[in-house]
Structures are given as C-alpha cells and as structure tokens.
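> turn this into a structure:
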Amino acid sequence: MRKRIFSTLALWAVLFLAIYYGGVYGFFVLILVLSMLSLREICALLRHCGFKPADIFVQAGGLLIICAPMAAHIAGCNVHAIGSATLGLLMVALGIWCLKRPFDSFIEKSVIPTFLALALVPFMLQWLVVIALKFSYSEYSGVLIALWAIAAAKFTDVGGYAVGSAFGRHALAPNISPNKSWEGFIGGLLSSMAVSILFVWGFGKMLPDSFGIWTAAFASVPIGAAGLFSDLLESVLKRRAGQKDSGAVIPGIGGALDLSDSMLLSAPVAYIILTAIL
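Okay, the predicted model is just below:
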C-alpha cells in the first residue's frame, strides 16, 4: 500500500510539473509515453491469451494515432477527427492485410487482435490530447480540463477502493473482480464528484465560465462510471491471460495499462460531454 500511495503521488507530481513547464506539449508527451507502454502490455496480454498481434504494426499505428491530433494542431488544422481518420486508414491497411491469408486462422489470431489493441489504447487515449487542444481557451484551460477528466476517472477507482474496503457487502462483478462492490461503486462516484468540486474551486480562474463547480461535479458521474467499466474490461483480459498485473513498471500499481485502464473508455465519454457543455 505504501508503494502504491508513493507511486500515485509521484505520478501526479510528474503530471503537474509537465503541464506547468510544458503546457499542452508536456501533457501530450506523457500521454504518448503512457499510450506506447500500455500498447506494449496489452499486446503481451493478448499473446498470453493465444493471439498474435502484429507488434511492429501496432507500435507504428499507435504512434500515428496519438501524434495525429498534435500534428494537426501544429499545422493549424482541425484536430477533432484526425485520430479517427488515422484509425480508419489503419483499418484499410488491415483489410488489405487480410487478403494475405483469408481462409485460415490468420484473421482471428492476428488481424483482429491487432485492430483491438489499436482501438482500445491509442485511439481512446488520443481523445485526452484532443480535449487539451480543443478547449484551449487560455494558456492552461484545455490541459486542465483534460486533467479533470483523468481525475474524474481515477478518483472513482480510489474512492471505490476506500469505500468498498470499509463498507462493501454486495459484489458488483464477482466473476471478474470479486473485490469490487456496489457500495464501492457509489462511493467512487461520490469521490469523483468531490474531487471535481475541489478541482474547479482550485483552478476556476483558468477554466471557462461555463465549466462551473456543479457542472463539473455532475459531468464526472458518467465519466467515473465509464472508468469503472474500463477497469473491469482490463480485469477480464488479465484473467483470460492468467496475469495479476499488466506489467511491473510502476511500484505498487503494476504496469502502464494498470494505470491507464480507467482512462480508456472514460476519455471519449469525457470528450462527448465536454463538447455538449462547453
């Protein structure tokens, strides 16, 4: 537990320092590193499940997807759909690749897992970069809103663990994650709302006027819920692979995928919500 707390505090410190000194570019670099490490780990889990994702294609494709919004921003182009378009082009390449061996297990064993790895990790995380770029009304507004989206997802997990450990009685998904409870789920959502209130109270002067305390608090609920289901999705994959953690690069937490898991489904949900309210 001490290692987990220390690693969590250290990671948040690194994130804030990267944003303070590098702004949106510092944030982008951290998301890029997290995405590439998570992508490597999800490919390893898929191999443990008996699949054979194309590692070189996955790494190159993941790099393109994450870098596409930033490249479009630097070029002065629209950043909103460039990541989706990049994934679409990679799907075209995968479709052509299917013609190599269309009638054996090649498609199920290699092509589909390759696409899933790209769709689940870099494509999802690139929405955090899009949020940071799209909502940059001032120097730090966009990247702070992206940081709020991360906090809303991660503190659902933190609050859920704390409340669930103390009061959990009714299992949420016993076949997937026996330690998660409905009490913890509700406590996690309340924790996410509380963190959102504190976040806007602390950084309100650098955020848009339409992004008020209660707007952020209620918007955090679907983001936190998506983060929980994202975490459960990773748990399914780890159980299928027979692995406790996705890796061991972060003491007390596990791998990069263990860190990013709750952001995967919550990032596009956050983008949709923010587009509607800002």
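> show me where the stretch 1-150 of the chain has helices.
Listed in chain order, the helices of the stretch 1-150 of the chain (DSSP state H, counting those that start in this stretch) span 2-48, 55-74, 82-98, 106, 112-120, 122-134, 141-167.
> and the third one, what does it pack against?
Yep, that's helix 82-98 we're talking about. helix 55-74, helix 112-120, helix 122-134 (3 or more Cβ pairs under 8 Å, 6 or more residues apart in numbering; DSSP states H and E). Backbone N, C-alpha and C define where each C-beta goes, glycine included.
> the same query, at a cut-off of 6 Å, please.
Packed against helix 82-98 by the contact rule (3 or more Cβ pairs under 6 Å, 6 or more residues apart in numbering; DSSP states H and E) you find helix 55-74.
> for this structure, what's the longest strand?
Counting residues, the longest strand found in the chain (DSSP state E) is strand 177-181.
> any weak-confidence spans in the stretch 51-200 of the chain?
Applying pLDDT under 70 to the stretch 51-200 of the chain flags no residue at all.
> what do you get if the cut-off is 80, keeping everything else the same?
78-79, 100-101, 103-104, 139, 158, 160-166, 168, 170, 173-174, 177-178 (pLDDT under 80).
> can you redo the helices of the stretch 1-150 of the chain as TSV with mean neighbour count?
Formatted as TSV, the helices of the stretch 1-150 of the chain follow (neighbours: other Cβ atoms under 10 Å):
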stretch	mean neighbour count
helix 2-48	17
helix 55-74	20
helix 82-98	15
helix 106	15
helix 112-120	21
helix 122-134	26
helix 141-167	23
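> closest to residue 253 out of those?
Among the helices of the stretch 1-150 of the chain, the nearest to residue 253 by Cβ to Cβ is helix 2-48 (5.2 Å).
> mean confidence for the closest one?
Helix 2-48 carries an average pLDDT of 90.
> elements contacting it?
For helix 2-48, the packing partners by 3+ Cβ pairs under 6 Å, 6+ apart are helix 55-74, helix 112-120, helix 122-134, helix 141-167, helix 213-241, helix 256-277.
> just to revisit the earlier point, can you redo the helices of the stretch 1-150 of the chain as CSV with distance to residue 271?
Formatted as CSV, those follow (distance: least, Cβ to Cβ, whole Å):
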stretch, distance to residue 271
helix 2-48, 14
helix 55-74, 11
helix 82-98, 10
helix 106, 34
helix 112-120, 15
helix 122-134, 5
helix 141-167, 8
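> what are the buried residues along the longest strand of the chain?
For strand 177-181, the neighbour count (16 or more other Cβ atoms under 10 Å) marks 177, 180, 181 as buried.
> just checking, the second one touches residue 174?
No. With the criterion set as Cβ atoms under 6 Å, residue 180 and residue 174 do not qualify as a contacting pair; they are 8.7 Å apart.
> distance of residue 77 relative to residue 125?
Residue 77 sits 20 Å away from residue 125, going by Cβ to Cβ, to the nearest Å.
> again, but for residue 271
From residue 271 across to residue 125, the span is 11 Å (Cβ to Cβ).
> and what of residue 8?
Separation of residue 8 from residue 125 (Cβ to Cβ) stands at 19 Å.
> residue 50 too?
For residue 50, the distance to residue 125 - Cβ to Cβ - is 26 Å.
> repeat that for residue 81.
For residue 81, the distance to residue 125 - Cβ to Cβ - is 16 Å.
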